[in-house]
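Engineer: need coordinates for the following:
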Amino acid sequence: MIVFLDPSEVPADFGPSVVAIGKFDGVHTGHRAVIDRARVDASDGARVVAVTFDRNPLSVLRPDRCPPDVIGPHQKLDLLERAGVDATLLLTFDEVLAAEPAEVFVRRVLVDALGARTVLVGRDFRFGAGGAGDPDLLERLGAAHGFRVDVVDDIRAVHADRRVSSTWIREALAAGDIATATKLLGRSPSVWGEVVHGLKRGRELGYPTANLSSELEGFVPADGVYAGWLVDADGGRRISYPAAISVGTNPTFDDVHARQVEAFVLDETGLNLYGHHVEVRFVERVREMTAFDGIDALLTQMALDVDRVRAVLR
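Structural biologist: Residues are numbered from 1 along each chain as shown. As a prediction, this is how the structure comes out:
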């Protein structure tokens, strides 16, 4: 997948293209329905392009109302590529872009840069200064500039009669409900970041863990122990390791003051992941985070946790 960070980077002969626009926070099943529609529209040889942003626009427009991201920019680009997008224009959302009139955005990005033939958006799509642009305005501008607008209806979950959304995914993850989040995302929820040195307490206890930097990408689920996978993508290929994943502050010792994600890789000795960027995928919550009365009780529970993780991942 080609990645552009500014419309000026797009070659003059790039189009025609079929463009899907949105935040794509999570690249969940609703987002992929838009992308799948774009792929069908582009089946005659046009390029499928995602236009998205490096951050939630609310972080600039209304930071007091901006929720945490489901995924970060690296994850978003990876997931868009896996969804079949040919190119992504990842725009920096700042005060300048926020103030750009809707008509100027359409001409600069969709017409001049991408040569859009069809533009797909969700029904709640807003764009341009003050959010003045909506699908109706986009359709009128499309008629003037020679592209068609396809407004894609929401994807609803039959079992809950609720729109699939990033908000719902965040709610599920905050409750440790990995099963619901997985259904909505169409894949296991995950975080991504660099493996850094920790207190090495896990190694002292016989359970060495890969500790992710606090600067990780992705929504960290509720505190607890999870069955999942650690995926090492450094070195040009993905290697997946079964893992018992701890999320929280290690309350038994009460000396970790920030929530952290650490993964104990099963059945691997001598694995050196320091400095690697890894993805940690959550499959099932095994138990809540608990403070134990001493190390012996903790070790007994950790052994039970590993057995449960094996059973889940079998």
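
Engineer: other SSEs contacting the helix or strand encompassing residue 88?
Structural biologist: Element membership for residue 88, per DSSP states H and E: strand 87-91. Using 3 or more CB pairs under 8 Å, 6 or more residues apart in numbering; DSSP states H and E as the contact criterion, the neighbours of strand 87-91 among helices and strands are strand 2-4, strand 47-53, helix 73-82. Backbone N, C-alpha and C define where each C-beta goes, glycine included.

Engineer: tell me the mean pLDDT over that strand?
Structural biologist: Averaging the model's pLDDT scores along strand 87-91 yields 98.

Engineer: all helices for the stretch 101-250 of the chain, in order.
Structural biologist: Across the stretch 101-250 of the chain, reading from the start of the chain, the helices by DSSP state H, counting those that start in this stretch fall at 102-105, 135-145, 166-174, 178-185, 201-205.

Engineer: okay, the ones you listed, which one's buried deepest?
Structural biologist: Comparing the helices of the stretch 101-250 of the chain by mean neighbour count (mean count of other CB atoms under 10 Å), helix 178-185 ranks first with a mean of 21.

Engineer: do you have the strands of this protein handy? List them.
Structural biologist: Chain-ordered strands for the chain, with DSSP state E as the definition, fall at 2-4, 17-21, 47-53, 87-91, 116-122, 148-152, 156-157, 162-163, 190-196, 210-212, 224-232, 239-248, 260-265, 277-287.

Engineer: burial count for residue 17?
Structural biologist: Number of residues near residue 17 (other CB atoms under 10 Å) recorded here: 25.

Engineer: next one, pLDDT for it please.
Structural biologist: 97.

Engineer: across the sheet, point out what pairs with it.
Structural biologist: The partner list for residue 17 in beta bridges (DSSP bridges) reads residue 47, residue 116.

Engineer: for residue 261, same thing?
Structural biologist: Each beta-bridge partner of residue 261 is listed here, defined by DSSP bridges: residue 247.

Engineer: pick out the residue nearest the middle of this protein.
Structural biologist: Relative to the mean C-alpha position of the chain, the nearest C-alpha, by CA atoms, centre = their mean, is the one of residue 71, at 2.6 Å.

Engineer: enumerate every residue touching that residue.
Structural biologist: Residue 71 sits next to 25-27, 79, 217-219 when contact means CB atoms under 8 Å, 6 or more residues apart in numbering.

Engineer: nearest to residue 128, of these?
Structural biologist: The shortest distance between residue 128 and any of the contacts of residue 71, using CB to CB, involves residue 25 and amounts to 19.9 Å.

Engineer: picking that back up, would JSON lines of the helices of the stretch 101-250 of the chain with mean pLDDT and distance to residue 90 be doable?
Structural biologist: Output for the helices of the stretch 101-250 of the chain, formatted as JSON lines (pLDDT from 0 to 100; distance: least, CB to CB, whole Å):
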{"stretch": "helix 102-105", "mean pLDDT": "96", "distance to residue 90": "15"}
{"stretch": "helix 135-145", "mean pLDDT": "96", "distance to residue 90": "20"}
{"stretch": "helix 166-174", "mean pLDDT": "97", "distance to residue 90": "17"}
{"stretch": "helix 178-185", "mean pLDDT": "97", "distance to residue 90": "20"}
{"stretch": "helix 201-205", "mean pLDDT": "61", "distance to residue 90": "36"}
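
Engineer: among those, which comes closest to residue 305?
Structural biologist: For the helices of the stretch 101-250 of the chain, the distance to residue 305 is smallest for helix 201-205, at 12.2 Å, taking CB to CB.

Engineer: pull the distance from stretch 158-169 to the chain's centre.
Structural biologist: The gap between where stretch 158-169 is centred and where its chain is centred comes out at 17 Å by CA atoms, centre = their mean, to the nearest Å.
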